[in-house]
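Asks: Okay, predicted coordinates and the sequence, questions at the end:
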Amino acid sequence: MRGPKKGKSPPFFSQEFIIQNHGDIVSCACMFVMLGLMFQTTQPAAQVFIAAQYNITTEVDGRIDAINYSFGWKDLCTISFYSLCWIVAHAIVQEYILDRFNKRLHMSKTKHSKFNDSGNMLPFYVLSIGVAVDQITKMELLQNFSKLWEDYPVQQMSFMVKFYFILQIAYWIHCFPELYFMKTRTEELQSKIITYTLYLIFIVGCYACSGTHIGLILLAIHYVPEAVFNLARLIHCAGKTDIYQHAFLLWAVTYVLARIATISITILIVWFGLGRHDISKIDMASGNFNTQSFRIAWVAAIILVQAWMAWVFIRYQVRRYRESTPPKKQNRGEKNKKKGENVPNGSSPRAKAAKEKKQD
C-alpha cells in the first residue's frame, strides 16, 4: 500500500518512511488485534476492540426477542480500532483509485490536493447518507415525527445505529493523523482542524447524551450538500468545465436548504418537543439531559455553528464571483489621460533630454 517510489528509499522509521508506508504499518497493527480472536486467552481482549459492546438482550416467553446496545467506556477501544481501519481504507482508496486518476489528469499541486481530499470524502458521505436514511426509514421516524422527543432518552440502540455512530466518530478521529500523512499545507490546517473538531463534538454529544435518533436526521441532512460539493470539486479538478458550474449551483441550493432545515428541525425537536417533557436536574443513570439550560445550550450551539457555516459560504461565493469576473478594460483615451495626469510637465525622459540639449 505504499506510494510510488522516487529515487532512493528513505531510511527505516524516518519521517518520510512512515508517511510512505503508513498504510502497511497500520494494517499490521489491525491484523495483530484481529489475530487475538484466534486464541482463547486473548479472545476477550480482542473482542473489546472489534465487537460492539454493552449488548442488552430482551426475552419474551423464554425466547430472544431483540438484542439492543448501550454505550460505555469500552467503546473507546472499539473507536480506536476502527480509526486504524479508516486509515487503512484511506490508503487503499488513495493508492488504487485516486493516484491512477492523478497520473492521467496531470493536475497542478493545488488541484491535486483538492482532488485527493474530495475523492476520499465523497464515498464516506454517500455511504453515511445511505445508512442514515435506511435506519430512519426502518425506525419510522419521519412517519411518526413525535417519536423523536417522546422516546427520549434513547438508551438502547440497534446494532446498526450503534455501529454507525462508532464509525462516524472513528472516521473524524482518523482525519487528524491523515493531515500529517497527506502532508496538508499549513494554510489549510486551521480550517480543517476546526471542521473535524466540530464534527466530533456534535456526533459524540448525540451519542453520549442519548440523542442518536436526532443525530441521524441532522447528519443525513448535513451530509447531502457536503457530498454534492465534493462531487462538484472532483468534476472541476477533472476539467469538465461544462458540467461543474451546474454541480456548484446545485451545491449552493442544497447548502442553503440544509442550513434552514437544520435550524428548523433543531428548534422543533429540542426546544418545543423536548420542552414538554423537561426535567429539573440531569439524570445520569437514565441518560436524560433534558433540562432547560441544556436545551438552551444545545439550540444555541447549533444556531451559532449554522451561522458560522453560512458566513463561510457567503465569503466563498464572493471569492468565486470575483475570480470568475474578468477585470474591466480601460479605453485608450482614458489610459492616455491617466498617463498625462501621472507624469508632470517636463519630468518625462524625452522632456529632460530636450532640456539638456537646449542648455548645451
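Replies: Perfect, thanks for sending it.
Asks: residues in contact with residue 209?
Replies: 153, 287, 289 (CB atoms under 8 Å, 6 or more residues apart in numbering). Just so you know, the C-beta spots here come from the backbone N, C-alpha and C atoms, and that holds for glycine as well.
Asks: measure it to residue 282 for me?
Replies: 9 Å (CB to CB, to the nearest Å).
Asks: shared neighbours of these two, which are they?
Replies: Shared contacts of residue 209 and residue 282, counting by CB under 8 Å, 6+ apart, come down to residue 289.
Asks: how about residue 183, what does it touch?
Replies: Counted by CB under 8 Å, 6+ apart, residue 183 has contacts residue 19.
Asks: a strand runs through it, doesn't it?
Replies: No: using DSSP: H, G, I helix; E, B strand; the rest coil, the secondary structure at residue 183 is coil, not a strand.
Asks: give me phi/psi at it?
Replies: Per-residue torsions, residue 183: phi 50, psi 50 (degrees, to the nearest 10).
Asks: So that it lines up with my notes, have the first residue be 344 from now on.
Replies: In the new numbering, first residue 344, that becomes residue 526.
Asks: how far away is it from residue 478?
Replies: For residue 526 relative to residue 478 (CB to CB), the value is 36 Å.
Asks: Then residue 615?
Replies: Taking CB to CB, one finds residue 615 at 24 Å from residue 478.
Asks: and those two? which has more neighbours close in?
Replies: Using other CB atoms under 10 Å, the more surrounded residue of residue 615 and residue 478 is residue 478, with 20 against 10.
Asks: where are the low-confidence patches of the chain?
Replies: 344-351, 402-405, 407-408, 669-703 (pLDDT under 70).
Asks: where do the strands sit along it?
Replies: Taking DSSP state E, the strands of the chain run over residues 398-403, 406-412.
Asks: all helices in the stretch 394-543 of the chain, in order from the N-terminus.
Replies: Here the stretch 394-543 of the chain has its helices, by DSSP state H, counting those that start in this stretch, at 418-436, 442-448, 452-481, 490-493, 502-524, 529-551.
Asks: what helices or strands is the longest helix belonging to the chain leaning on?
Replies: If you go by DSSP state H, the chain has its longest helix at helix 635-667. Contacts defined by 3 or more CB pairs under 8 Å, 6 or more residues apart in numbering; DSSP states H and E place helix 635-667 against helix 584-609.
Asks: 10 Å instead, please
Replies: The contact analysis (3 or more CB pairs under 10 Å, 6 or more residues apart in numbering; DSSP states H and E) places helix 635-667 against helix 529-551, helix 555-580, helix 584-609.
Asks: so who does the nearest residue to residue 475 once chain neighbours are set aside touch?
Replies: Excluding its sequence neighbours, the residue lying closest to residue 475 (CB to CB, 6 or more residues apart in numbering) is residue 563, at 3.9 Å. Contact partners of residue 563, counting by CB atoms under 10 Å, 6 or more residues apart in numbering, are 471-479, 601.
Asks: let's see it at 6 Å
Replies: 472, 475-476 (CB atoms under 6 Å, 6 or more residues apart in numbering).
Asks: ok, now how distant is the closest residue to residue 385 other than its chain neighbours from residue 646?
Replies: The spatial neighbour of residue 385 that comes closest, neighbours along the chain excluded (CB to CB, 6+ apart), is residue 379 at 3.9 Å. According to CB to CB, residue 379 stands 46 Å off from residue 646.
Asks: neighbour-wise, which of these two wins?
Replies: Set side by side, residue 379 and residue 646 show more neighbours around residue 379, with 17 against 14, by other CB under 10 Å.
Asks: re earlier: kindly reformat the helices of the stretch 394-543 of the chain as JSON lines and extend each row with distance to residue 391.
Replies: Shown next, in JSON lines, are the helices of the stretch 394-543 of the chain (distance: least, CB to CB, whole Å):
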{"stretch": "helix 418-436", "distance to residue 391": "5"}
{"stretch": "helix 442-448", "distance to residue 391": "35"}
{"stretch": "helix 452-481", "distance to residue 391": "24"}
{"stretch": "helix 490-493", "distance to residue 391": "32"}
{"stretch": "helix 502-524", "distance to residue 391": "13"}
{"stretch": "helix 529-551", "distance to residue 391": "18"}
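Asks: List just the one of those that sits closest to residue 619.
Replies: helix 490-493 (7.1 Å; CB to CB).
Asks: and residue 392, how far is that from residue 502?
Replies: Taken as CB to CB, the span from residue 392 to residue 502 is 17 Å.
Asks: Who has more neighbours out of those two?
Replies: The neighbour count for residue 392 versus residue 502, taken as other CB under 10 Å, is higher for residue 392 (21 against 12).
Asks: Wait, that one touches residue 426, no?
Replies: No: if you go by CB atoms under 6 Å, residue 392 and residue 426 don't touch, sitting 10.8 Å apart.
Asks: Might one say that residue 649 is in contact with residue 602?
Replies: Yes: contact criterion CB under 6 Å: residue 649 and residue 602 qualify, at 5.0 Å.
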